[in-house]
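Peer 1: I would like to see how this sequence folds:
(2 chains)
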There are 2 protein chains.
Amino acid sequence: MAQQHLEPTDPAAGVVTGDALAVYLRAQATEFLRALRLHRETGTSAGTEEPVDAARALRRSARRISGSLHTFRPLLDADWSEEMRPELAWLSGTLGMEHAYEARLERLLLALHRLSGSSPFPAQSVTSGAGPAAPGSGPPAQERGNLTVGAAKAGALLERQLTLARTRAHSTALQALGSSRFHAVADKVAVLASEVPLTPAAVTTDLRPAAAAAEERLMDAIAALPLVTAGHPYNAEALVHGLSPDPTPHPQDGPWHQVRLLLRLHRYAREVLCGGGLGAPPAELRLLAAGRALDRHRDAAEAAGAAAQAARTPRIAPATAYALGVLHADQRHEVEAARFEFQQSWQKQPVSAP
Amino acid sequence: MAQQHLEPTDPAAGVVTGDALAVYLRAQATEFLRALRLHRETGTSAGTEEPVDAARALRRSARRISGSLHTFRPLLDADWSEEMRPELAWLSGTLGMEHAYEARLERLLLALHRLSGSSPFPAQSVTSGAGPAAPGSGPPAQERGNLTVGAAKAGALLERQLTLARTRAHSTALQALGSSRFHAVADKVAVLASEVPLTPAAVTTDLRPAAAAAEERLMDAIAALPLVTAGHPYNAEALVHGLSPDPTPHPQDGPWHQVRLLLRLHRYAREVLCGGGLGAPPAELRLLAAGRALDRHRDAAEAAGAAAQAARTPRIAPATAYALGVLHADQRHEVEAARFEFQQSWQKQPVSAP
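Peer 2: The predicted structure follows:
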């Protein structure tokens, strides 16, 4: 087991072998089964937070199992591993969509309120010169009354489109959870909870080279990011192509999304090496902050895409389209802000050259 | 005369009296007359840069005369001063409009090209993965072909509206220059070039208290700016109210515009005290950088307003409105970037508390 305050890939830290991987995978599999049980018990009681939490916990352990299978591939039975990973990816992808659409809609509606100078929650008056609002004079009865016609219509359009997408995602997730494909995965995870298919050599194999390789892939990907530009505030890079005729996602976002995934794999590998018993040493906090910045990057990029897509709805009013244009640019700016945030959090500690 | 490397309002600097003000005003009046002569000689030859330069020089000296009349009011004949200032303001305002509309259109068209991932000047390919463009394959014959339909239509709409405004401003400026009102101002400036109407006491009055008061007004106004917020990149303040139902200019911009004017008055007062013979000590460079940031703030704010106003044109296509929305938000981000730039340039040297 690695010592608490040494970097887990440090040669001075104790050797960690396949045993630690087995412990980690069993724990994650147990967590998966616990979340699944919780989901089955609460899944029918709509309106509570529990099914959401259960689905999140399911995805959380599915990602960790899948990530560990990838990073420590040579230590595990190859056939089993290759069969398991795509199934776990399918599962966490399918279960994540409903929440993603919900969060996207919330992000966009909050932004619309901010851009309208109103707030979904009653707030102080911001008009300079005007005195504080008299008690009781508060916001209009209908919150949407605070928005311009364009912002209100844009909000209604996004609500319609993203609620529809969310409802579909919900049905798809329910179908998935009832499918034989899902039962096969769940059965495999149940076996994993007691029996990890390690290779014969794994028990004496050092995990650190594989973990170091995962870290190196992350460092290479980060080194290829335009971090100098990102570190200059207001570089206006994220909105380049904001009006490009190409309707596909911004190609410039790809490398950042890739770093987000590699950062996750690196974090999971550290969890394996540290036996999941990490406190919060500075390196961990830095990884968490960097990860949060990249989550924000992804969320803003997808919200910007949803605004742009809504603007392509036929027969919308010009005022609606205008509001969606402002909203799109606002979210692309959030993308740029997230890159700046990542650059700032990442440079807080010297990065070892790959 | 103040010593070269002492701050002009420093008590250790030599006393500067009304004489220096007279020297400065005579020099500016002479400059005004020179620019007027140049403008008359070149004004009819359309298509050259000279009338633009001449108009700029006219405005430049009109602003300096007007500003000095304001700052050093007690040293000058009150009736003459009160009559002169509004006339100079009218003149520099009228002469500045044509250039302002031209610059605004250029700024907006450049932004549209940037947002479309194209460039008004042939540039390297930015699509990742694609190899460098083969020579001769360059941009399409029609530059506008690089823009989406929405961006192209938005550009054409802005071009139509701002060119019309510019043409009207041109006629207004020509009319102004031929008016008896203008001839009256020009005559007064001609008198000023030889005879400055100082009060009897002015010759022995120290200019520094009046200059210090101008500086204090500037410092007070800067102290009231939200500089802590402005110093946090991506604070998203400038786009609040971006979709507000209020079609008037952003009230949050007002204090910044006011600082821009006060900074100018402070700079002119320093010119008077230093006899116009300033090199570029650090304080001067800082004032220039801060002034440039505030010019950018003003230009971006007005460009954002023009995009919002164009979006209110009846019967425009949704794609046009969408592009104008993106453009509006982009320019409001420029506003925010300019505030950050001002904050950065201003904090480079400790600011004496007012």
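Peer 1: Which residues of the stretch 151-300 of chain A lie near chain B?
Peer 2: A:151, A:233-234, A:236, A:239-245, A:251-252, A:254 (C-beta under 8 Å from any C-beta of the partner chain). Any C-beta I mention is one placed from the backbone N, CA and C, and that applies to glycine too.
Peer 1: Mind checking which of these land in helices?
Peer 2: Mapping those onto helices (DSSP state H) picks out A:A151, A:G254.
Peer 1: Neighbour count and pLDDT for the residues of the stretch 151-300 of chain A next to chain B - can I get that in a markdown table?
Peer 2: Output for those, formatted as a markdown table (neighbours: other C-beta atoms under 10 Å in any protein chain shown; pLDDT from 0 to 100):
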| residue | neighbour count | pLDDT |
| --- | --- | --- |
| A:A151 | 29 | 94 |
| A:P233 | 19 | 96 |
| A:Y234 | 19 | 96 |
| A:A236 | 19 | 92 |
| A:L239 | 26 | 90 |
| A:V240 | 19 | 86 |
| A:H241 | 20 | 78 |
| A:G242 | 27 | 79 |
| A:L243 | 30 | 85 |
| A:S244 | 20 | 76 |
| A:P245 | 14 | 68 |
| A:P251 | 16 | 85 |
| A:Q252 | 19 | 92 |
| A:G254 | 12 | 95 |
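Peer 1: Going along the chain, name the helices of the stretch 201-350 of chain A.
Peer 2: For the stretch 201-350 of chain A, the helices defined by DSSP state H, counting those that start in this stretch cover A:208-223, A:227-230, A:254-273, A:282-311, A:318-346.
Peer 1: Comparing those, which comes out most buried?
Peer 2: helix A:318-346 (a mean of 26; mean count of other C-beta atoms under 10 Å in any protein chain shown).
Peer 1: And A:L227, how far from chain B?
Peer 2: Distance from A:L227 to chain B, counting by C-beta to the nearest C-beta, to the nearest Å: 15 Å.
Peer 1: now A:G305
Peer 2: 13 Å.
Peer 1: where in chain A is pLDDT low?
Peer 2: Scanning chain A for pLDDT under 70 picks out A:1-13, A:43-49, A:118-147, A:245-249, A:276-280, A:349-354.
Peer 1: redo that, cut-off 50
Peer 2: Scanning chain A for pLDDT under 50 picks out A:1-4, A:121-145, A:350-354.
Peer 1: Single out the residue in it that lies closest to chain B.
Peer 2: Going by C-beta to the nearest C-beta, chain B is nearest to A:G325 of chain A, at 2.4 Å.
Peer 1: Settle this for me: that residue is touching B:D330, isn't it.
Peer 2: No. Applying C-beta atoms under 8 Å, one finds A:G325 not in contact with B:D330, separated by 9.7 Å.
Peer 1: so what are the domain limits for chain A?
Peer 2: Structural domains assigned to chain A are A:1-12+A:206-354, A:17-122+A:147-205, following automatic domain parsing.
Peer 1: Where do the helices of the stretch 51-200 of chain A begin and end?
Peer 2: Using DSSP H, counting those that start in this stretch, helices in the stretch 51-200 of chain A cover A:78-115, A:149-178, A:180-192.
Peer 1: nearest to A:T71, of the ones you listed?
Peer 2: helix A:78-115 (11.1 Å; C-beta to C-beta).
Peer 1: between the closest one and helix A:282-311, how many degrees?
Peer 2: Put simply, helix A:78-115 runs at 70 degrees to helix A:282-311, going by axes from the mean of the first three to the mean of the last three C-alpha atoms, to 10 degrees.
Peer 1: Give the other helices and strands that helix A:78-115 contacts.
Peer 2: helix A:50-71, helix A:149-178, helix A:180-192, helix A:282-311, helix A:318-346 (3 or more C-beta pairs under 8 Å, 6 or more residues apart in numbering or on different chains; DSSP states H and E).
Peer 1: mind putting those in a markdown table, distance to A:R107 included?
Peer 2: Below are those laid out as a markdown table (distance: least, C-beta to C-beta, whole Å):
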| stretch | distance to A:R107 |
| --- | --- |
| helix A:50-71 | 17 |
| helix A:149-178 | 10 |
| helix A:180-192 | 29 |
| helix A:282-311 | 5 |
| helix A:318-346 | 8 |
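Peer 1: Ok, which of these comes nearest B:V189?
Peer 2: helix A:318-346 (46.0 Å).
Peer 1: tilt between that closest one and helix B:318-346?
Peer 2: 40 degrees.
Peer 1: What angle do helix A:254-273 and helix A:318-346 make with each other?
Peer 2: 40 degrees.
Peer 1: So which other helices or strands are in contact with helix A:318-346?
Peer 2: helix A:78-115, helix A:149-178, helix A:227-230, helix A:282-311, helix B:282-311, helix B:318-346.
Peer 1: if we can go back for a sec, show me what contacts the residue of chain A closest to chain B?
Peer 2: A:A311, B:A321, B:Y322, B:A323, B:L324, B:G325, B:V326, B:L327, B:H328, B:A329 (C-beta atoms under 8 Å, 6 or more residues apart in numbering or on different chains).
Peer 1: I'd like the distance from the closest residue to it other than its chain neighbours to A:A311, if you could.
Peer 2: Closest residue in space to A:G325, ignoring its immediate chain neighbours: B:G325 at 2.4 Å, by C-beta to C-beta, 6 or more residues apart in numbering or on different chains. For B:G325, the distance to A:A311 (C-beta to C-beta, to the nearest Å) stands at 8 Å.
Peer 1: Identify the contacts common to those two.
Peer 2: A:A321, A:L324, A:G325, A:H328.
Peer 1: A:A202: which of those residues is nearest?
Peer 2: A:H328 (49.5 Å).
Peer 1: Find the residue closest to A:L294 in space, skipping its chain neighbours.
Peer 2: A:L294's closest residue in space is A:R260 (C-beta to C-beta, 6+ apart), at 3.8 Å.
Peer 1: make that A:A311, sorry
Peer 2: A:L324 (4.1 Å).
Peer 1: how close does the most centrally placed residue in chain A get to A:G305?
Peer 2: Geometric centre of chain A, nearest residue: A:D295, 4.7 Å, by C-alpha atoms, centre = their mean. Using C-beta to C-beta, A:D295 is found at 16 Å from A:G305.
Peer 1: now do A:T229
Peer 2: A:T229 is 22 Å from A:G305, by C-beta to C-beta.
Peer 1: Tell me who's in contact with the spatially closest residue to A:E336 that is not a sequence neighbour.
Peer 2: Among residues not flanking A:E336 along the chain, A:A238 sits closest, at 3.6 Å (C-beta to C-beta, 6+ apart). Contacts of A:A238 were listed using C-beta under 8 Å, 6+ apart, and they are A:H250, A:Q252, A:R332, A:H333, A:V335, A:E336, A:R339.
Peer 1: Try it again at 7 Å.
Peer 2: A:R332, A:H333, A:V335, A:E336, A:R339 (C-beta atoms under 7 Å, 6 or more residues apart in numbering or on different chains).
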